[in-house]
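Enquirer: everything below, folded, please.
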Amino acid sequence: MLLGGVVLLTSFAYLGILFAIAYYGDKRADAGRSIIANPYIYALSMAVYATSWTFYGSVGRAAASGVGFLPIYLGPTLVAALWWLVLRKMIRISKVNRITSIADFIAARYGKSSLLGGLVTVIAVIGIIPYIALQLKAVSNSFILLLQYPEVVMPAKGQTVELLKDTALYGALLLAAFTIVFGTRHLDATERHEGMVAAVAFESMVKLLAFLAVGIFVTFGLYGGFADLFERAAQLPNVDTLLTLGGSAGTYGSWISLIFLSMLSILFLPRQFQISVVENVNENHVTKAIWLFPAYLLAINIFVLPIAFAGLMHFPAGQVDADTFVLTLPMAHRQEALALFVFIGGLSAATGMIIVETIALSTMICNDLVMPVLLRWKALALASRTDLSGLLLAIRRGAIVLLMMLGYAYYRIAGEAYALVSIGLVSFAAVAQFAPAMLGGMYWRHGTRAGALTGLSLGFVVWAYTLLLPSFAKSGWLPITFVEHGPFGIELLKPLALFGLEGLDDIGHSMFWSMLFNVGGYTAVSLLGQQSIRDHAQALLFVDVFKMASRSSSLWRGSASVQEVMTLVGRFLGPFRAAEAFEDYAAKCGLKSSKQLEPDAALMHFAENLLAGAIGAASARVMLASVVKEEPLGMDEVLNILDEASQVIAYSHKLEQKSRELEAATAELRAANERLKELDRLKDDFISTVTHELRTPLTSIRAFSEILHDNPAMDETKRGEFILIIVKESERLTRMINQVLDLSKLESGSAEWHSSELDLRHVIEDAVSTTSQLLRENGVTLTLDLPERVPPVQADGDRLTQVMLNLISNAVKFCDRRAGRIEIALRVQPDALQVDVRDNGIGIAPADHDLIFEKFRQVGDTLTEKPQGTGLGLPISRQIVRHFGGKLWVTSELGQGATFSFTLPLRATAPEGDPSTVEETEVPS
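Expert: Numbers count the residues shown, from 1 in each chain. As a prediction, the model looks like this:
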């Protein structure tokens, strides 16, 4: 039996492990040896997306709607393919501008507006509170369930638990305390928490292993595998509707809306922005996350349907909440250790989300809500305190406690009205409102501060009206008539059928209207309004971040004291950390000390970025303005700067284009030069070949002619023999001349080709018929092995016949003189036809295999003879075969005969032209 003390002790031990990992990660980071500078850890940390909603809620949704749980994971999988374009740009913008949150990002893009940053923070806090409540609900319910082990007793619904007896309250306080210790131990100017990222990556592995353990137990322990489980599940009532669209699995419209919603959420959830953008160490890690993160989602969802169906088959309908099947199935089968492991997995899923989410939100609350208010009220007298870093930490820690209590309050008020997944979707729809302002700000130069404010405000109001308020009404905190008949009985204003739009689920309905108002307001006001100077400047810096990063400090002109700037930064970062940062900056500038720094635009930009990391971009600008005398730039000056920047971008584009053109031209010249060298070599080869090949018949003709001339009284029989020799040598000379001319045409590319579809069997049969007399005269037996049917090839029939004649004639010369035998075989390969001409002659030494296909071989000044009888026929044959995309080679050993083989592709791969340009692949020797 699992006692409450055992569960608590195990939970605290696990949280202790997380803290140890985080502590070790921070220590390694301080020592300059980051443990998260690894693409696998980065990708695993992004799995903070999989919260208790995934761990518990996916099974609950699958039990109710079958495959309807998939859209929440298909969206992130689809958008991951665009991360190199979208996420990498977010990372680059954030690093250049020291952005530490979504609110900071949007505020910085639209003129560093504190009002806009505050609005984004309010939307994020209100939108994420239901999500935090979801985690509290999951942890509280699983803890209560586990305490009843081995009995499966569901927590009572609809009954108000006394505040001091509510385990969710103590869970919220415990998680708040742990988050404070975990994530706000010190103030980081870059807002990076390397220890936290390492711990989150570890949690991702724990929850994955826990879920897989349950899935394997259910699928292969309780049942005989997937086939057995699904075969039995087929007996469930209405199971077909769970596996098809249009039934319980949802309509096409709901799938589209959920996929779209999850695509936006993976980018704009505060915790996802914190992990994937703010905590990113190297933007190249995105390439690994593009495939590893979808693989993680696939792995953690493999057993969702098996667990859901097993739960439906095991527990009577309505007896056990489907959201708890992951835990109750091991409990029902007395798997004590597995049940405890599942609880730890669910705790990992919840704590990972809560830690990262509350850290991200507390940063936004501090930087974009509290600090602007304090600065406006002048509550931070600059001369009164030398170190404000402690105050900033206190604000963030207080914000964490506030967030946890708000989450608990929502859990008490509306948590019972929705399943886990439904609560999560309410939050998803809220953060989706950031998409127009953020994506528009990254890719559209004309977006304005007024447009962003309008779009966000309208979208948020519509979201609250169509999703948040109905959740309160369903919980009894608002009259249910508000949902059923609309406010004041106005049917057109019903929150779940606004303006008469019906037929959509709650989420799809809210998304349609909120995004319509959001995008419409943002676009219309931006187009109708006029950009401010700061809007225009920031737009250029964001949209063209990869070109403009080095010019972001140009939009400043004024005077300041370096010491005052350093003191200001030291008050928020701490004097020691600030001094260290300025010393590093001076060293990068080639100076010996920070005392040598000049108050120029680059230094002001550096100081503002340091402050932005601690208090946000909008507050940083206000604070820096309090100690520097900035001279406002006129419109003409700003436009000149921006125009210059635009010209730089345009010029850089031209340079890139010219560079590509130059590279292409260089490659062409290099190829032409190589071709000239090749032609020059071919010329020398050709002359040497002609000289060498024609010398022998000419010498024979000359010698026998001189003998006949000098011996007029020679016997007629002998004279006839000499004349016959002269005739044969003349024929040989004529044949060689024709071969030389043919080879010359092949080498120069001037040979004529008449390609058509050919049956290679007919070419072989014609060549055999032509050489039949030669075979009989030499006593050679020829055997043909031809298939009944072969695919056609595209080639020149006369040229291929020439190749076959050369190979057969060559084989006759090499054959055994006593019992010559030649075998010709035609074989069909997957992508080519292969012809083999095999003889039983003396064979060819391996060292001569390549030599017989050359026109000559020259070593130094000595011409090395090729094997006797090979002539120019084989070089010509190889050139012809190569022209048609094939290859010709020989396989032979001395004393074992020779096999000449060539292949022709079923589809020609070489263009008609110079056959010497066809690249020849390696062939067996």
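Enquirer: burial measure for the residue lying closest to S265 once chain neighbours are set aside, as a count.
Expert: Nearest-residue entry for S265: F428, 4.4 Å, with adjacent residues in sequence omitted and distances by CB to CB, 6 or more residues apart in numbering. C-beta coordinates here come from the backbone N, C-alpha and C atoms, glycine included. Around F428 there are 26 other residues, counting by other CB atoms under 10 Å.
Enquirer: ok, the one 5 residues further on next?
Expert: Q433: 28 surrounding residues under other CB under 10 Å.
Enquirer: so it: helix, strand or coil?
Expert: Under DSSP: H, G, I helix; E, B strand; the rest coil, Q433 falls in the helix class.
Enquirer: kindly report the same for L469.
Expert: Classification of L469 by three-state DSSP places it in helix.
Enquirer: strands of the stretch 701-850 of the chain, start to end?
Expert: 755-758, 780-785, 793-796, 820-828, 832-839 (DSSP state E, counting those that start in this stretch).
Enquirer: err, the chain, not the other one
Expert: 558-560, 628-630, 755-758, 780-785, 793-796, 820-828, 832-839, 857-859, 862-864, 887-892, 898-905 (DSSP state E).
Enquirer: which one of those strands lies nearest to H536?
Expert: H536 sits nearest to strand 628-630 of all those, at 17.5 Å, using CB to CB.
Enquirer: pipe the strands of the stretch 701-850 of the chain into JSON lines and attach distance to E151 per row.
Expert: JSON lines is the format used below for these (distance: least, CB to CB, whole Å):
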{"stretch": "strand 755-758", "distance to E151": "80"}
{"stretch": "strand 780-785", "distance to E151": "80"}
{"stretch": "strand 793-796", "distance to E151": "78"}
{"stretch": "strand 820-828", "distance to E151": "71"}
{"stretch": "strand 832-839", "distance to E151": "72"}
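Enquirer: does V431 touch I129 like I think?
Expert: No - look at V431 against I129 with CB atoms under 8 Å: they stay out of range, at 12.0 Å.
Enquirer: and S561, how many residues sit next to it?
Expert: Around S561 there are 13 other residues, counting by other CB under 10 Å.
Enquirer: what do you get for V67?
Expert: With other CB under 10 Å as criterion, V67 counts 18.
Enquirer: now swap in G486 and tell me
Expert: 17.
Enquirer: what's it in contact with, if anything?
Expert: 492-495 (CB atoms under 8 Å, 6 or more residues apart in numbering).
Enquirer: rewinding a little: how about the strands of the chain in TSV, adding mean neighbour count, mean pLDDT and distance to W83?
Expert: Converted to TSV, the strands of the chain look like this (neighbours: other CB atoms under 10 Å; pLDDT from 0 to 100; distance: least, CB to CB, whole Å):
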stretch	mean neighbour count	mean pLDDT	distance to W83
strand 558-560	14	60	40
strand 628-630	14	60	38
strand 755-758	13	86	49
strand 780-785	14	91	57
strand 793-796	21	88	45
strand 820-828	18	93	46
strand 832-839	21	93	42
strand 857-859	12	41	58
strand 862-864	11	39	61
strand 887-892	21	90	44
strand 898-905	22	93	40
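Enquirer: adding distance to R88, write the ones you listed out as JSON lines.
Expert: JSON lines is the format used below for the strands of the chain (distance: least, CB to CB, whole Å):
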{"stretch": "strand 558-560", "distance to R88": "34"}
{"stretch": "strand 628-630", "distance to R88": "33"}
{"stretch": "strand 755-758", "distance to R88": "50"}
{"stretch": "strand 780-785", "distance to R88": "60"}
{"stretch": "strand 793-796", "distance to R88": "47"}
{"stretch": "strand 820-828", "distance to R88": "50"}
{"stretch": "strand 832-839", "distance to R88": "44"}
{"stretch": "strand 857-859", "distance to R88": "57"}
{"stretch": "strand 862-864", "distance to R88": "60"}
{"stretch": "strand 887-892", "distance to R88": "45"}
{"stretch": "strand 898-905", "distance to R88": "42"}
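Enquirer: mind checking those strands for the one nearest to D321?
Expert: Smallest distance to D321 across those (CB to CB): 59.9 Å, for strand 628-630.
Enquirer: what comes into contact with stretch 213-229?
Expert: When contacts are defined by CB under 8 Å, 6+ apart, stretch 213-229 is touched by residues 232, 302-303, 306-307, 309-310, 326, 329-330, 333, 335, 338, 341-342.
Enquirer: swap that for stretch 463-474, please
Expert: Stretch 463-474 has contacts (CB under 8 Å, 6+ apart) with 126-127, 130, 413-414, 417-418, 426, 429-430, 433, 478-480, 482-483, 495-496, 498, 506-507, 509-510, 513-514.
Enquirer: and if you look at stretch 354-362?
Expert: By CB under 8 Å, 6+ apart, stretch 354-362 touches 48, 101-102, 121, 124-125, 128, 131-132, 135, 175-176, 178-179, 182-184, 193, 196, 199-200, 269-271, 273-275, 278, 395-397, 399-400, 403-404.
Enquirer: restricted to helices, list those residues.
Expert: 102, 121, 124-125, 128, 131-132, 135, 175-176, 178-179, 182-183, 196, 199-200, 270-271, 273, 395-397, 399-400, 403-404 (DSSP state H).
Enquirer: for G447, phi and psi?
Expert: In this entry, G447 is assigned phi and psi values of phi -70, psi 140 (degrees, to the nearest 10).
Enquirer: surely it meets G440?
Expert: Yes - G447 is within contact range of G440, at 4.4 Å (criterion: CB under 8 Å).
Enquirer: any common contacting residues for those two?
Expert: 522, 526.
Enquirer: and the two? Which one has more around it.
Expert: Set G447 next to G440 and count neighbours by other CB under 10 Å: G447 wins out with 30 against 24.
Enquirer: how much space between the more buried one and N518?
Expert: Distance of G447 to N518, computed by CB to CB, to the nearest Å: 13 Å.
Enquirer: for Y73, same thing?
Expert: Here the criterion is CB to CB. By it, Y73 lies 25 Å from N518.
Enquirer: so which of these two has more stuff around it?
Expert: Counted by other CB under 10 Å, Y73 and N518 do not tie: N518 has more neighbours, with 27 against 24.
Enquirer: you'd agree that one is up against G455?
Expert: Yes - here N518 lies in contact with G455, judged by CB under 8 Å, at a distance of 4.6 Å.
Enquirer: now the common contact residues for these two.
Expert: Listed as contacting both N518 and G455 by CB under 8 Å, 6+ apart are P436.
Enquirer: next, count neighbours for the residue nearest to L243 when sequence neighbours are not counted.
Expert: Nearest residue to L243 in three dimensions, chain neighbours excluded: G66, at 5.2 Å (CB to CB, 6+ apart). Using other CB under 10 Å, G66 has 24 neighbouring residues.
Enquirer: just I216 next, same as before
Expert: The number of residues near I216, taken as other CB under 10 Å, comes to 14.
Enquirer: which ones are touching V835?
Expert: Applying CB under 8 Å, 6+ apart, one finds that V835 lies in contact with 760, 764, 804, 824-826, 901-904.
Enquirer: okay if I get the residues you listed as JSON lines plus distance to A22?
Expert: Putting the contacts of V835 into JSON lines (distance: CB to CB, whole Å) gives the following:
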{"residue": "L760", "distance to A22": "72"}
{"residue": "I764", "distance to A22": "77"}
{"residue": "M804", "distance to A22": "77"}
{"residue": "I824", "distance to A22": "76"}
{"residue": "A825", "distance to A22": "72"}
{"residue": "L826", "distance to A22": "71"}
{"residue": "S901", "distance to A22": "67"}
{"residue": "F902", "distance to A22": "68"}
{"residue": "T903", "distance to A22": "63"}
{"residue": "L904", "distance to A22": "67"}
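Enquirer: and those, which is closest to A620?
Expert: T903 (70.7 Å).
Enquirer: hmm, back to that, for ChimeraX, what selects the buried ones among the contacts of stretch 354-362?
Expert: In ChimeraX, this line selects whichever of the contacts of stretch 354-362 come out buried by 16 or more other CB atoms under 10 Å:
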select :48,101,102,121,124,125,128,131,132,135,175,176,178,179,182,183,184,193,196,199,200,269,270,271,273,274,275,278,395,396,397,399,400,403,404
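Enquirer: quick one, helices of the stretch 701-850 of the chain?
Expert: 716-748, 760-770, 772-777, 797-814 (DSSP state H, counting those that start in this stretch).
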